[in-house]
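Enquirer: just coords:
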Ligand SMILES: Cc1cc2nc3c(=O)[nH]c(=O)nc-3n(C[C@H](O)[C@H](O)[C@H](O)COP(=O)(O)OP(=O)(O)OC[C@H]3O[C@@H](n4cnc5c(N)ncnc54)[C@H](O)[C@@H]3O)c2cc1C
């Protein structure tokens, strides 16, 4: 009790609950996409994620960013990054739960969906440590596809459930993490402009890399997939931090970035000074090799952004369910109900799409239609779901009023994190242009997407009209690659149709109706809270509000 007054009308903390149980959209998608067998595990992880201890780890890891130590007291290079203990706890939990590797350890129906759902739950605690988790998850298929002999050595360590931060030669590690280094000062999207060079050194497959990387996240990882120019052209290399004989590789950390968000994670500038590396794939085929990794990290950008939106909306709905103004709970004020419902619709659509894409990752190997859908839907979803996250984070923050602007609420952390997934692994324009490329070169992908829309089109005329209009426009274009200036508009429409179709088939009827009215038919304003009349915002908000206690 404060000496002058009683504290009134403040909501209880959103803690002590199971994030999985509180998220029917996720639970339904997990079952639908073939991972119902993972429900118990997801409940356990959801309970951990909603517990006070994990929430405190997330806060501490963000408030105590990593520190770079380039040299020891004697002036020798050490290139180490020191992290707060909370970072290690977050990462150890992610690794113990197989969020970095489960589908490679235990492949089978629903394995990708189960992992994606686990990542979705756990990343809501703190997003920064998701970066090494995703990159390690994504490195394994790239190594398998392009360098089976390296995979034989590294995969058992990269997929182990043991988190071992101490650097050591790979043979001595109980578990290892992998990052990627493509971006250079003069170009990130245009990786072919890379100036880092690689030359063969001896007959045992060793190469020496010299140059720099401008962004290299999770620089304390055990190895990196690195792009460099070999005599045959841009090539991909596995560059370990520690060489098999125990000496440190010449992979020097120059600086850590002072970032807008994602502050718990380190992102370094790196100098490679004849750093030892081993080829991943053919010389000159580096892009093909690393794109296998990028495809998987793009999935995590989608899942991570959907998770961020879910956490932001959960916080907003929880606050409005407990806070009153002008004689009523905020959630019961008609205009606030419109804002919350509009946010919840966006979040539900993002979660459905993320899990559908994860399901396509599961089924792609045995089903050409799913493989074709995966190719297009990953790029479409990466563009759109990541683009919506900052807008959702900003509006959800405002639902908490002034409290939302204060660090302790956790909303500023979500807000600062929100733009990142749209930048890395192909910024918005790059993903949109990639969609044009897929449409131009792989017409079977568009056919797969249209097949996905078909059952919902016959059930929902608004969706059918929008899909017919888009189909007509696309058939009138001889080569979609020429559509560059209109790429975002096209990708947005594809994403909205896909989300609408998923909601019509699988979502809550009130959410599907609101989505089709506002997003598909376009009856809404530019801001959230502009859903048209005649919908059922109360049902939508109730579904999005976590039940605690
Ligand atoms: C926190 C953080 C961590 C990162 N970690 C890593 C990492 O671990 N490893 C790594 O390799 N990289 C990493 N990156 C780099 C990231 O992948 C790049 O920033 C990104 O690929 C964009 O490259 P760029 O910054 O050079 O921008 P540019 O390539 O210069 O692009 C600038 C803008 O121009 C647009 N653009 C580019 N080409 C076109 C075109 N043809 N038409 C229209 N628009 C275009 C882009 O969409 C973008 O909006 C990280 C970045 C951040 C912010």
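Expert: All right, it came through fine. Given the structure is predicted, the values throughout are model-derived calculations rather than measurements.

Enquirer: quick one: the strands in the stretch 151-300 of the chain?
Expert: 178-181, 197-200, 206-217, 223-230, 233-240, 251-256, 267-279 (DSSP state E, counting those that start in this stretch).

Enquirer: what residues does the stretch 401-549 of the chain put near the ligand?
Expert: Within the stretch 401-549 of the chain, the residues that sit near the ligand (C-beta under 6 Å from any ligand atom) are 420, 423-424, 427-430. Yep, even glycine has a C-beta here, placed from its N, CA and C like the rest.

Enquirer: rerun at 5 Å
Expert: Within the stretch 401-549 of the chain, the positions near the ligand by C-beta under 5 Å from any ligand atom are 423-424, 427, 429-430.

Enquirer: What about residue 476, how many residues nearby?
Expert: Residue crowding around residue 476 was assessed by other C-beta atoms under 10 Å; the count is 7.

Enquirer: Of the residues of the stretch 401-549 of the chain next to the ligand - the most surrounded one?
Expert: Of these, with other C-beta under 10 Å as the count, residue 424 tops at 21 neighbours.

Enquirer: What residues does that one make contact with?
Expert: Contact analysis of residue 424 by C-beta atoms under 8 Å, 6 or more residues apart in numbering lists 215, 297, 301.

Enquirer: quick one on the thing from earlier: with distance to the ligand added, can I get the strands of the stretch 151-300 of the chain in TSV?
Expert: Below are these laid out as TSV (distance: least, C-beta to the nearest ligand atom, whole Å):
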stretch	distance to the ligand
strand 178-181	5
strand 197-200	16
strand 206-217	3
strand 223-230	8
strand 233-240	12
strand 251-256	11
strand 267-279	4
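
Enquirer: Any chance of CSV for these, columns distance to residue 457 and mean neighbour count?
Expert: What follows is the strands of the stretch 151-300 of the chain, written out as CSV (distance: least, C-beta to C-beta, whole Å; neighbours: other C-beta atoms under 10 Å):
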stretch, distance to residue 457, mean neighbour count
strand 178-181, 39, 27
strand 197-200, 51, 18
strand 206-217, 41, 21
strand 223-230, 41, 26
strand 233-240, 42, 25
strand 251-256, 50, 18
strand 267-279, 43, 21
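
Enquirer: between those, which one is nearest to residue 464?
Expert: strand 178-181 (41.8 Å; C-beta to C-beta).

Enquirer: residues in contact with that closest one?
Expert: 132, 135-136, 138-139, 154, 158, 213, 215-219, 221-227, 239, 270, 290, 293, 297.

Enquirer: how about the longest helix anywhere in the chain: buried residues?
Expert: Criterion DSSP state H: the longest helix present in the chain is helix 286-322. By neighbour count on 16 or more other C-beta atoms under 10 Å, the buried set for helix 286-322 is 286-287, 289-290, 292-322.

Enquirer: is that helix up against the ligand anywhere?
Expert: No: Helix 286-322 is not in contact with the ligand by C-beta under 5 Å from any ligand atom; minimum separation 9.0 Å.

Enquirer: Whichever helix or strand comes after that helix pairs with which strands?
Expert: Later in the chain than helix 286-322, the nearest helix or strand by DSSP states H and E is strand 324-325. Using DSSP bridges, strand 324-325 pairs in its sheet with strand 328-329 (antiparallel).

Enquirer: The partner strand: what's the following helix or strand?
Expert: Following strand 328-329 in sequence, per DSSP H and E, is helix 334-363.

Enquirer: Could you tell me which residues within the helix or strand following that next one count as buried?
Expert: From helix 334-363 onward toward the C-terminus, using DSSP H and E, the following helix or strand is helix 368-399. Within helix 368-399, the residues scored as buried using 16+ other C-beta under 10 Å are 369-397, 399.

Enquirer: Stretch 61-74 too?
Expert: In stretch 61-74, counting by 16+ other C-beta under 10 Å, buried: 61-62, 64-66, 68.

Enquirer: Inside strands: which ones of those residues?
Expert: residue 68 (DSSP state E).

Enquirer: For residue 412, grab the count of nearby residues.
Expert: 17.

Enquirer: Tell me the pLDDT of the closest residue to it other than its chain neighbours.
Expert: Computed as C-beta to C-beta, 6 or more residues apart in numbering, the closest residue to residue 412 that is not its neighbour in sequence is residue 405, at 6.9 Å. pLDDT, residue 405: 98.

Enquirer: Now do the contacts for residue 405.
Expert: 397, 411-412.

Enquirer: Would you quantify the distance from the residue of the stretch 51-200 of the chain found nearest the ligand to residue 85?
Expert: The nearest approach of the stretch 51-200 of the chain to the ligand comes at residue 188, 2.1 Å away (C-beta to the nearest ligand atom). The gap separating residue 188 from residue 85 is 32 Å, by C-beta to C-beta, to the nearest Å.

Enquirer: Comparing the two, which residue is more hemmed in?
Expert: A direct count of neighbours by other C-beta under 10 Å for residue 188 and residue 85 places residue 188 higher, at 17 against 11.

Enquirer: wait, isn't the more buried one in contact with residue 227?
Expert: No: using C-beta atoms under 8 Å, residue 188 makes no contact with residue 227, being 11.1 Å away.

Enquirer: ok, back up a step: show me the residues of the stretch 401-549 of the chain next to the ligand that map onto helices.
Expert: Here DSSP H is the test, and those give 423, 429-430 as lying in helices.

Enquirer: Show me the shaky parts of this protein.
Expert: Judged by pLDDT under 70, the chain has its weakly predicted residues at 1.

Enquirer: 80 instead, please
Expert: 1, 203, 478, 549 (pLDDT under 80).
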